[in-house]
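>>> Give me a model of this one.
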Amino acid sequence: MPLSSILDTCIPRKEILSGSLKEEIFAAKIRPVVEGKAPQVYQDSHVFFANTFPTDGIKTLIQEVFSRLTQQGAGSPVIRLETSFGGGKTHDQIALWHICKQGRKIQGLDRFVDLNLIPESAVKVAAIDGRDLDPQNGIYYQDIGLTTYTIWGEIAYQIGGVAGYELLKGSDTSGISPGTSILERLINGQSTVIIIDEIARYLRSAKAKLIGNSDLAAQVVAFLFSLMDLAAACDCLVLVYSLASKSDTFAAETAYLNDELNELIQASSRQERVISPSTDIEIYNIVKQRIFERVSDEAAKAAAAEYVDLYRLTRVDLPDACKDASYAEAIAQSYPFHPELFKLLTQKIAAIPEFQRTRGALRLFALVVQHLWQKNQESPGAEMTGLLSAWIPIIHSHHIPVGVNSQVTNELTSRLQRPFMRNPIQADIYNLDGRKAYAQVQDEEWTVAGKPPFSTWVARTIFLHSLTQGISSGIREAELSLSLLTPNVKMGVVDDILQKLVKEAWYLDYDPITSLARFKEEPSLNKIISEEKEQVKRTDAKEELRRRRDTIFAKRFFTLISDQIDSPSDVDDRPDDIALCVMDFDDVTVDSPTDPVPELVDRIFHQTGDSGKFRIFRNRLLFLLANKPALQQAIENAREYQAIRNILRSPNRLDDLSDRQQQQLKEREGQKDLDVRVSLTNAYRHLFYPANDLVKAPKGLMHYTLSAQDASMVKGKNHQQDVILKALKDCDKIRPDDAKPFAPAYILQKVWPAGIDSWTTKELCNAFAKDLSLNMLLEKEVLMLRETIQKGLTEGHWDLKVSDKPERFYIKTQNQPLVLPDALEFSDRFVLYRRGILEPPKPRTLELTYQLMSSSSGEKPVYVRWKADAALKVTLFKNEIAISTEFKPKDEYETEISSSTLFKIVADYGNGETATREVTVDPVNAGPGVGSLREVSAIYRPTNSSTNSGTYNIDANQPNIWDSQPPTVEVDGSLNSVFNQLGDRFQDHRVKAIAAIEMTVSDLMDYRKLGTAIALLQRFSPKIDQDVTIQTGAEFIRLEYQGDARGFQSLFSSLSNWLVKSEQGNVSLKVALEFSPSISPTGPELEQIKQTLNRNPVERIHLRAQVLYS
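This next block holds a predicted model:
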């Protein structure tokens, strides 16, 4: 069962609830009572005692005084009231004065003393307040024209009137202390009580008045000695005086007087009685007596039990003392106020000179109670308001309405001489006008969740503990939790709330080592950063976000396009890659995940900007847009980050900060740097990707919201393209990493357009950039597409024609295995055909025959005949000299020869395709075949050779291949092809060693590829020979270079940039590798060179190897 609210268990006094409180009722002074001018609460003895709690101190005081005066006990002649300034002594002195004046007539006096001790008649009494005495001008009584100048003159007048004053007039005017004899005459044997309050204050002013060779202060001390002597010598005089503690404003005077009194007491062997008017427990009751008419004892006991159980069971770190039974008793005694609130006001804030222990506490307690009850009356039964709950089990420190109640705010700032503490109230705790304080802003989240205003509670409690200065200022987390914990309200989040406040509050300071939190008068780092932040323009913050955006979304899987995308012409329509278009937040943003495709994005997706031309390659475009609300947070974070950096870069600004603040600022820089990155990635969460879905993506773009990220997900990552790639894989727009190559059947069914019999490999690859229903292809997917094409060839799903010179055909047949091309490229040269469409060319037959006729002369006739079907032109060579006659594809030639003669026929079939046949005719050694037909014929079939020439040489008298040992071997073709050819030639010619290799390319792309590989061939000391010609508009460059690799590298990067933008260009790059000693054809060096070049293989290369045979 929850605890009852104090609003139901306690009844405040009417004057508290009515708001008719007057300042003077809290400022107890004895002189207005003596003069009959005090407020009723002090002047009326019945009201005074009704509002007074009978503490042990006041009861002991009455017992001591009147037991001596009535000779009913051994009461002390001298009584010293010793307590902190404002600690209840004046109140006790007023009580004593009332009893002296009215005795047993006071109602309710029996609660304080046995009435038998009180005389039936009045007792002479003099009550002096040191604050009222004026050593220079005196106290003037207008009605009788009398002025008293000293403390003894004033005492004489109050006890004996004008006649009494006349006895001490000489001492009063001279300022010299009277002796005991004259004082004894003044008392005249009658019961007398002399009360002196605030004697220390009087001593300070008395020091300034000179009396002969002494001063008035010394005379006052001498007078007190005489007065004490007289009180000790007779039973009819009691002296009651008060001294403040050594920590008060008049500590020096108090210490001086104490020393003198101790000397006097020790010398006279008499003991004065020292009384402390009120203890801590009694202060609880004093306050309750003054504030409330009734407080439920049962509710107090229940609250004590409930709170201590809470402290014992909670996991929150608390001081150990709060779990003891003694603390439960303290709660019961202090109810309806929390003991920590009393401790704060009567011990901690009491150290402030301007705060009076009991009086100050009474003022604040009265204002708090008045505020709580008035708020409840304004909104009775309300479960929760912005500042307090209608259910209040105990009044905690956080219930003090700092900032809300102007009078309370004044009490804790202006009255305590802390005017600058208003700044943290308005900035961080509660602000009535203008911008809300940070605690108010954070409390909006709590109130929406139906929770109390925890942030305000924490901030108020810290503020109250920050009013003192020095090492006592502030509160540690354990004590903070103890002040805040409340049954039935989950308050285990003090640390989280504190950390949030520390990040935002301008004046809050927190030391994580000591866990001490406090508000300061000067602004904290938050304030300094906030002011600097105001100097950072939004445009500058946006530029910072753009710079970071282009970094974290930089090219990894997709080509980043982010600069000024404000029209379709800013995005090229090409199929080469996947483009990530990060739209600028000034151009277009998105508000929610349900927003349609923005108009600008739609135009870019469908148009090219080229005279209204429609975009072809749409399935390669991704659009990433910022969320408008989240963007604002990113901008603010960027401004704050820039503000911190500006401060750190300013030596003058840093000089104004402590070492700890500088360290905190550096830590804040790192944290805010991460905050900017997190907020920026969370702003750019709206992804639009191509999709063929007329319902969800009617305009061809699907809207997908990326998951929000936190610091742990973003920290350490350089590429946010990973997040986008994962999202596209989740949406099946990009295939997973372990996906296998497309099946040929998939290509035929989903990719190959219906009704088209053939298309190039380039068109096949480009189809994935066109068709919105297809997957987007990453670079590795393109490589896997080659495997799909090869598999389709080997399995007979399609055929291939390569438009080389001569053309090459790849058609699967049942009779012989299909040999695939060495290199498969996506270009217009490679054409795929549906099965049954492509027919290979008929074999070309080139027939060459000769007939040597007999002759008796030295010259013998010879007939050379040939047949070259489909040849466009035929040329006959005799001993390498062309015969000028035009010959037909089927023709003959007659001549006479006397010696061995070489005849060669060259058939030209067009498109660079030729065939050659040759024969040597020897008329001398013709042998038995003279006169018969000799035929040298062959069928020429296009092969998979990658050479440009279509010439095939067949020599009828060809020698054995081992009879020829050429010094060089030259091959030309793709990278794998040339190395395979080299290996074959080396084996055929039985090459023993390789002395050097030259590699030559003449294609622009091959130039760049081979150029990047040179650095990896440094171990072979490459020699470079290059010739480059570039034409770009009006600019022309011609560069020849011969030298080592280092010099080449210094030119290569610049030339590559020029080649990218060149309109025309011719290149030739030769890389020579000399081996000393020579290397083996089967050794590891040749394979290493091949592997190095295969890292970025060229399309076509010419290799020349210098070889050795022994």
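
>>> show me where pLDDT drops low in the stretch 851-1000 of the chain?
911, 926-965 (pLDDT under 70).

>>> Swap in 80 and give it another go.
855-856, 910-913, 925-966, 988 (pLDDT under 80).

>>> where exactly do the helices run in it?
975-988 (DSSP state H, counting those that start in this stretch).

>>> Repeat that for the stretch 1-150 of the chain.
6-9, 14-18, 30-35, 40-43, 45-50, 56-69, 89-102.

>>> Of all the ones you listed, which one is nearest D1006?
helix 6-9 (90.5 Å; Cβ to Cβ). C-beta here means a position set from N, CA and C on the backbone, and glycine is covered the same way.

>>> OK, contacts around L516?
By Cβ atoms under 8 Å, 6 or more residues apart in numbering, L516 lies in contact with 474-476, 510.

>>> And it, its phi and psi?
Dihedral angles of L516 (phi, psi; degrees, to the nearest 10) stand at phi -100, psi 130.

>>> heads up, I number from 32, so please use that
Shifting the count to begin at 32 puts that one at L547.

>>> so how far is R839 from it?
85 Å (Cβ to Cβ, to the nearest Å).

>>> on that earlier part again, can you list the helices of the stretch 32-181 of the chain in JSON lines and add distance to Q167?
Formatted as JSON lines, these follow (distance: least, Cβ to Cβ, whole Å):
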{"stretch": "helix 37-40", "distance to Q167": "51"}
{"stretch": "helix 45-49", "distance to Q167": "39"}
{"stretch": "helix 61-66", "distance to Q167": "18"}
{"stretch": "helix 71-74", "distance to Q167": "29"}
{"stretch": "helix 76-81", "distance to Q167": "34"}
{"stretch": "helix 87-100", "distance to Q167": "33"}
{"stretch": "helix 120-133", "distance to Q167": "25"}
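
>>> Heading C-terminal from the longest strand belonging to the chain, find the next helix or strand.
Across the chain, the longest stretch assigned as strand under DSSP state E is strand 1095-1110. As assigned by DSSP states H and E, the chain's next helix or strand after strand 1095-1110 is helix 1115-1125.

>>> Off-centre distance for that next one?
49 Å (Cα atoms, centre = their mean, to the nearest Å).

>>> just checking, what packs against that helix?
Helix 1115-1125 sits against helix 1006-1019, strand 1024-1032, helix 1035-1044, strand 1095-1110, with contacts defined as 3 or more Cβ pairs under 8 Å, 6 or more residues apart in numbering; DSSP states H and E.

>>> Quick one: neighbours of L653, just the number.
Number of residues near L653 (other Cβ atoms under 10 Å) recorded here: 23.

>>> repeat for Q500
11.

>>> Break the chain down into its structural domains.
As recorded under automatic domain parsing, the domains making up the chain are 105-121+155-308, 326-553, 569-761, 775-865, 875-989, 994-1139.

>>> By mean pLDDT, show me the worst of those domains.
Among the domains of the chain, domain 875-989 carries the lowest mean pLDDT, at a mean of 74.

>>> V893: which of the helices and strands packed on helix 1115-1125 is closest?
helix 1006-1019 (33.6 Å).

>>> then the one helix or strand G823 maps to to CSV, C-alphas only?
Using DSSP H and E, G823 falls within helix 810-825. Extracted C-alpha coordinates of helix 810-825, given in CSV (Å, rounded to 0.1, in the frame of the first residue of the first chain):
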residue,chain,number,x,y,z
GLU,A,810,32.4,-5.9,-60.7
LYS,A,811,32.8,-9.5,-59.6
GLU,A,812,29.4,-10.3,-61.0
VAL,A,813,30.5,-9.1,-64.4
LEU,A,814,33.5,-11.5,-64.1
MET,A,815,31.1,-14.3,-63.2
LEU,A,816,29.0,-13.4,-66.3
ARG,A,817,32.0,-14.5,-68.4
GLU,A,818,31.7,-17.9,-66.8
THR,A,819,28.0,-18.0,-67.7
ILE,A,820,28.8,-17.2,-71.4
GLN,A,821,31.6,-19.9,-71.5
LYS,A,822,29.2,-22.5,-69.9
GLY,A,823,26.5,-21.6,-72.4
LEU,A,824,29.0,-22.3,-75.2
THR,A,825,30.3,-25.6,-73.8
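
>>> residues touching the nearest residue to R491 once chain neighbours are set aside, list them.
Nearest in space to R491, with sequence neighbours left out and distances taken as Cβ to Cβ, 6 or more residues apart in numbering, is H429 at 4.6 Å. Applying Cβ under 8 Å, 6+ apart to H429 gives the contacts 487-489, 491-492, 514-515.

>>> Could you do F97 as well?
103, 106, 130, 144, 148-150.

>>> R860 now?
R860 makes contacts with 791, 833-835, as judged by Cβ under 8 Å, 6+ apart.

>>> ok so, going back, report the distance from the helix holding G823 to the chain centre.
The mean C-alpha position of helix 810-825 is separated from the chain mean by 46 Å, Cα atoms, centre = their mean.

>>> Quick one: residues in contact with that helix.
In contact with helix 810-825 (Cβ under 8 Å, 6+ apart) are residues 608, 766, 770-775, 778, 792, 795-796, 806, 808, 828-831, 841, 843, 849, 851, 855, 857, 863.

>>> got it, and stretch 701-717?
Against stretch 701-717 from outside (Cβ under 8 Å, 6+ apart): 575-576, 579-580, 583-584, 613, 616, 621, 624, 626, 655-658, 661-662, 664-665, 668-669, 671-672, 675, 734-742, 745-746, 751, 754.

>>> Any buried residues in it, and which?
703-717 (16 or more other Cβ atoms under 10 Å).

>>> for stretch 181-194, same thing?
For stretch 181-194, using 16+ other Cβ under 10 Å, the buried residues are 181-191.

>>> And for stretch 450-460?
Here stretch 450-460 shows 452-460 as buried, counting by 16+ other Cβ under 10 Å.

>>> Can you report how many residues neighbour K757?
Counted with other Cβ under 10 Å, K757 comes out at 13.

>>> What of G139?
When neighbours are defined as other Cβ under 10 Å, G139 has 13 of them.

>>> Surely it and F79 touch.
No - between G139 and F79 there is no contact under Cβ atoms under 8 Å: 10.0 Å.

>>> For the residue lying farthest from the centre of the chain, grab phi and psi.
Most distant residue from the mean C-alpha position of the chain: S887, 109.6 Å away (Cα atoms, centre = their mean). Note on S887: backbone dihedrals following degrees, to the nearest 10 are phi -80, psi -20.

>>> Can you tell me which of the contacts of F97 has the most neighbours?
I130 (28 neighbours).

>>> Report the contact partners of it.
With contacts defined as Cβ under 8 Å, 6+ apart, I130 is in contact with 93, 97, 137, 140, 144, 149, 154.

>>> can you put those residues in CSV and add distance to T478 and pLDDT?
Converted to CSV, the contacts of I130 look like this (distance: Cβ to Cβ, whole Å; pLDDT from 0 to 100):
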residue, distance to T478, pLDDT
I93, 53, 92
F97, 59, 93
I137, 52, 92
L140, 52, 92
V144, 53, 92
I149, 58, 92
V154, 61, 93
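
>>> how about CSV for those, with distance to S445 added?
Formatted as CSV, the contacts of I130 follow (distance: Cβ to Cβ, whole Å):
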residue, distance to S445
I93, 38
F97, 43
I137, 38
L140, 40
V144, 41
I149, 44
V154, 42
